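Trainee: Have a look; sequence and predicted model below, questions after that.
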Amino acid sequence: MSEMEVLGLKEIREEESSEKRLITFRMNDELIGVDITNVVKITMDMDITPVPKTKDYILGVMNLRGNIIPVVTLKKMLGLPEGENPTRNTIIVVETEFGNVGLLVDKVEGALNVNPEDVQPPPMNSIGIDPEFIEGVVMVDKEDGERELLTILNIKKIFRADNI
Amino acid sequence: MRIEFSDDMREILEEFLIEAEEILSNLDQDLIELENNPDDKDLLNKIFRGMHTLKGGAGFLNLTTVVEIAHKIEDIFNKLRNDEMSLTPEMMDVIFEGVDKLKEAIDMLKESDEIPDEEDVKDLIEKLKAILEGESVPETRQEVNQEEETDEEFEFVEGVDEDIKKLILQYKGKDLGEILEELILLPPNERPPLDVIEKLEKLISEGKDVKDLIKPKEKKEEKEEKPKAEPPKPKVQEPQKKEEKQKKKKTEKKEEVIRVDVERVETLMNLVGELVLDRNRIVKLASNLENSYGDSETVEELIDSITGMSRTVSDLQDAVMKLRMQPVRKIFSKFPRIVRDLAKRLNKKVNLILEGEDTEIDRSILDKLEDPLIHLVRNAIDHGIEPPEERLKAGKPEEGTIKLSAFQEGDRIIISIEDDGRGIDVEKVKRKAVEKGLITPEQAENMQDKEAFELLFMPGFSTADKVSEVSGRGVGMDVVASTIHNLRGTIEVESEKGKGSKFIMKLPLTVAIIRTLMVGANNRIFAIPLYSVVEIVKYDVNSVKKVGNFKSFMLRDEVYLLFSLSELFDIEDTREKEFIVVVRVGEKNIAISVDELFGEEEIVIKPLGKLLEDVQGIAGATITGDGRVVLIVDTNSLINDKKSQLVGVL
């Protein structure tokens, strides 16, 4: 903490922390975000080995830099309709209580900064996801000038021993 | 009692703990041996020295109660080795109690920087004191002894300081270093003045020792006149020489051994694992390259050098693996004591034979083996070995024998526990299993003995009519079996009623790397550990028959139950079967049909991660040469589901 007191640095840190950086992606056209600090890696077209005799949301395991990590279908985990399967598999690897876990999503949009003050508490049953797993929602600008709802997930809560 | 340690002291403490543990673990075995040969002087001296070292270290660290106990035991052994008293079984029990207390203290120190309170050890100290006082020889003889000793058999060389002379006389049989230690251990008010200690230190730093300061007395006539002048050599010098030798050995050993943090070895192991995977990948790529550009000279050279590298990687893997190996002695040495105590408590006579203690096995396996082995040995004494009267009636020697042995067979370590007790009553086992609803009476009827023994390992089974304090500790045979299976080992039972039983465990040498058979099921690849594979044959439709709800496969004269791998894993099962892999599960061979066979591969086992920790039928996964993840089949847990239905079917 002491280095934060150094002249000038303190202000910079504050400015940094005032913005929340998210990785955003699509699931059934909904815009979803997770805190970038949870994200380890984003991969495309990874080979996934199915593991028999596991829960239905477990897609299988994959090789992440020599380590084997489980991959889950986020839609199934959150109880969302399956929708159309995308042609390419996109996996966001996040850090959880259970080690690294890959989340299968439809499409990654990119990184985005939001102001925490703009984040609203989750409306009841906003897009079919249990509000317990939602950190909040925020309106963001689309490219075409329109605004749309971004749902921010709480990864730590989704992957908690009592929810698995 | 909490002890505070400064950083410097902590380092010394660490050293002390290691040394103390070593001394104490040897002690158990030595004491048992001593019980059989109470007059073995070498042994007495060894135990005495061990206690002495322990006391010294503990004193330096100010571990008061430890010093007190060690000191008393040391004194007892000093008297024993000087024939001033003799060992009785009652004394032995007290000494064991003392050793246990010391072990407890070491464990406490390790965990919480604590040692037992004065109150805790009071009784023990009193008992030890009673031995020292009560059991010692009558005073008169002691006086004679003292006289004999003060009538020195040696004299000092010229120029020895008077203070030093006094010390040498006072601490006969000890070298200067030890005398110094003794002095430091004394309470400050009894300690000689500082200049004496300084003189002593100076002598030690000059490399002098007691033997340099004394010479044997020359007047021999005087001795011959004495009736009790047996020791022809100066008494002081003999034990000392031995001690010197011992010390030399110790220092030599120290130079050859370095202690390495386990974590570093683990890291090294992981790195080698990665290297093996990379090697596999490179070898695969190289062979692709050879297929495309086989005539190129560069490719040929590349292949050559890759072959060389490949060999080196294998050697490296072996070498690193050896780093993790430890002799089974580490746990075997605990058994003489366990057997002794238990036999005594149960009023049985048991002789323990240890074999192959030098056999080495991966330390992570070794650590996990202790509990199962203890359980099996306890079982053997409690349920196996009969009481002496019963044994005599049965025409057996009064003393039962338990043999604990280990040896290496190929890439497996075989550990067995054998007793010559009453054996396992097959009918009783079956009855019990039926009672508990584990099998049906019909199944029991058709069951062979070997299969019946398997029942012992089923959860919820225990043959003891009453759960005794000894065997019933909440750990059942099922826990033993699952521990062994988790180590990718197998356990078997052989037993003959009235003759005895034998539990045989086969364990892998190492944990991280195994040889597997790569098979295909429903377009997926699975790796089956080679140790469970008995045989591989071509699938033959004509040999497959339906037996009730199951299929069976005829091979030569044997009939095996047949499953397809896909069916065992609950995955789609549409493809033609090409091969049958016969695997061994417990006492049974089972046929598993597969779609494809890809051959043998050495793989590095990786965990599936916490989320998938308990998946049935999967032991882990590996990454193949092309970077794909292949699951490793755990045949045991895979079949387990079906096991209860299977019992007695064939």
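Mentor: Happy to help now that I have it.
Trainee: Against A:I91, how distant is the residue nearest the centre of chain A?
Mentor: Nearest to the geometric centre of chain A sits A:V34, at 3.2 Å (CA atoms, centre = their mean). For A:V34, the distance to A:I91 equals 13 Å [CB to CB, to the nearest Å]. (C-beta placed from N, C-alpha, C; glycine too.)
Trainee: cool, and B:L376?
Mentor: From B:L376 to A:I91 the distance is 47 Å (CB to CB).
Trainee: Settle it for me: which of the two has more neighbours?
Mentor: A:I91 (25 against 22; other CB atoms under 10 Å in any protein chain shown).
Trainee: thought the more buried one was touching A:L103?
Mentor: Yes. Look at A:I91 against A:L103 with CB atoms under 8 Å: they come within range, at 6.5 Å.
Trainee: Common neighbours of those two, please.
Mentor: Residues touching both A:I91 and A:L103 by CB atoms under 8 Å, 6 or more residues apart in numbering or on different chains: A:V71.
Trainee: what residues are up against residue 27?
Mentor: Answering for chain A, as no chain was given. Contacts here follow CB under 8 Å, 6+ apart; on that basis A:M27 touches A:L74, A:K75, A:L80, A:G83, A:V105, A:D106.
Trainee: that answer is for a different chain, and I need it for chain B
Mentor: Neighbours of B:L27 in contact, by CB under 8 Å, 6+ apart: B:I47, B:G50, B:V99.
Trainee: Skipping adjacent residues, who's closest to the closest residue to chain A within the stretch 451-600 of chain B in space?
Mentor: Per CB to the nearest CB, B:F569 is where the stretch 451-600 of chain B lies closest to chain A, at 3.8 Å. Distances taken as CB to CB, 6 or more residues apart in numbering or on different chains put A:P52 closest to B:F569, at 3.8 Å, once the chain neighbours are dropped.
Trainee: Is that neighbour in a helix, a strand, or coil?
Mentor: Going by DSSP: H, G, I helix; E, B strand; the rest coil, the secondary structure assigned to A:P52 is coil.
Trainee: I'd guessed it sits against B:E572; true?
Mentor: No. A:P52 is beyond contact range of B:E572, at 10.3 Å (criterion: CB under 8 Å).
Trainee: So these two - more neighbours on which side?
Mentor: For the pair A:P52 and B:E572, the greater number of neighbours falls to A:P52 (22 against 11), based on other CB under 10 Å.
Trainee: If I look at the more buried one, what pLDDT would I see?
Mentor: With respect to pLDDT, A:P52 scores 90.
Trainee: And it, how far from A:I58?
Mentor: Distance, A:P52 to A:I58, by CB to CB: 10 Å.
Trainee: And B:I12, how far from chain A?
Mentor: Using CB to the nearest CB, to the nearest Å, B:I12 is found at 35 Å from chain A.
Trainee: I meant to write B:K41 there.
Mentor: Separation of B:K41 from chain A (CB to the nearest CB): 59 Å.
Trainee: quick one: contacts for that residue?
Mentor: Taking CB under 8 Å, 6+ apart, one finds B:R81 in contact with B:K41.
Trainee: what residues does chain A put near chain B?
Mentor: Contacts of chain A with chain B, taken as CB under 8 Å from any CB of the partner chain, map to A:47, A:49-54, A:58, A:60-63, A:66-70, A:72, A:97-101, A:159, A:164.
Trainee: same thing but at 7 Å, please
Mentor: A:47, A:49-54, A:58, A:61-63, A:66, A:68-70, A:98-99, A:101, A:164 (CB under 7 Å from any CB of the partner chain).
Trainee: Just the buried ones from the residues you listed?
Mentor: Listed as buried from these are A:49, A:51-54, A:58, A:61-63, A:68-70, A:98, A:101; burial here means 16 or more other CB atoms under 10 Å in any protein chain shown.
Trainee: out of these, which one sits closest to B:D382?
Mentor: Nearest to B:D382 out of those is A:K53 (CB to CB; 38.3 Å).
Trainee: The closest one: what's it in contact with?
Mentor: Neighbouring residues of A:K53 by CB atoms under 7 Å, 6 or more residues apart in numbering or on different chains: B:F569, B:D570, B:V615, B:Q616, B:G617.
Trainee: 10 Å - rerun?
Mentor: B:568-571, B:612, B:614-618, B:637-638, B:641 (CB atoms under 10 Å, 6 or more residues apart in numbering or on different chains).
Trainee: same deal with B:I306?
Mentor: Contact analysis of B:I306 by CB under 10 Å, 6+ apart lists B:R279, B:I282, B:V283, B:L285, B:A286, B:S287, B:L289, B:E290.
Trainee: Taking chain A, what residue is nearest to chain B?
Mentor: Counting by CB to the nearest CB, chain A gets nearest chain B through A:P52, at 3.8 Å.
Trainee: Pretty sure that residue sits against B:D573.
Mentor: No. If you go by CB atoms under 10 Å, A:P52 and B:D573 don't touch, sitting 11.5 Å apart.
Trainee: Show me the shaky parts of chain A.
Mentor: A:1-17, A:124-127, A:163-164 (pLDDT under 70).
Trainee: what about the strands in it?
Mentor: A:20-27, A:30-35, A:39-44, A:58-64, A:67-73, A:90-96, A:99-105, A:107-114, A:134-141, A:147-153 (DSSP state E).
Trainee: Paired strands for the second one, with orientation please.
Mentor: Put plainly, it is strand A:30-35. strand A:20-27 (antiparallel), strand A:147-153 (parallel) (DSSP bridges).
Trainee: how far does stretch B:505-523 stretch from start to finish?
Mentor: This stretch, stretch B:505-523, spans 35 Å end to end (CA to CA, to the nearest Å).
Trainee: wait, I meant stretch A:77-87
Mentor: By CA to CA, the extent of stretch A:77-87 from end to end equals 20 Å.
Trainee: ok, and what's touching it?
Mentor: Contacts of stretch A:77-87 (CB under 10 Å, 6+ apart): A:26-30, A:32, A:45, A:55-58, A:72-76, A:101, A:103-107, A:127-130, A:133-134, A:153, A:158-159, A:163-164.
Trainee: List only those of those flagged as buried.
Mentor: Among these, the ones that count as buried by 16+ other CB under 10 Å are A:26-27, A:30, A:32, A:57-58, A:72-76, A:101, A:103-106, A:127, A:129, A:133-134, A:153, A:158-159.
Trainee: For the stretch 401-550 of chain B, which residues are neighbours of chain A?
Mentor: B:A521, B:N522, B:R524, B:I525, B:F526 (CB under 10 Å from any CB of the partner chain).
Trainee: Mind telling me what element the nearest residue to the fourth one once chain neighbours are set aside is part of?
Mentor: Using CB to CB, 6+ apart and skipping residues adjacent in sequence, the residue nearest B:I525 is B:V630, 5.0 Å away. According to DSSP states H and E, B:V630 maps onto strand B:629-633.
Trainee: Report the distance from that strand to the chain centre.
Mentor: Remark: strand B:629-633 is offset 31 Å from the chain centroid, using CA atoms, centre = their mean, to the nearest Å.
Trainee: for that strand, packing partners?
Mentor: strand A:58-64, strand A:67-73, strand B:513-521, strand B:524-529, strand B:596-604, strand B:618-623 (3 or more CB pairs under 10 Å, 6 or more residues apart in numbering or on different chains; DSSP states H and E).
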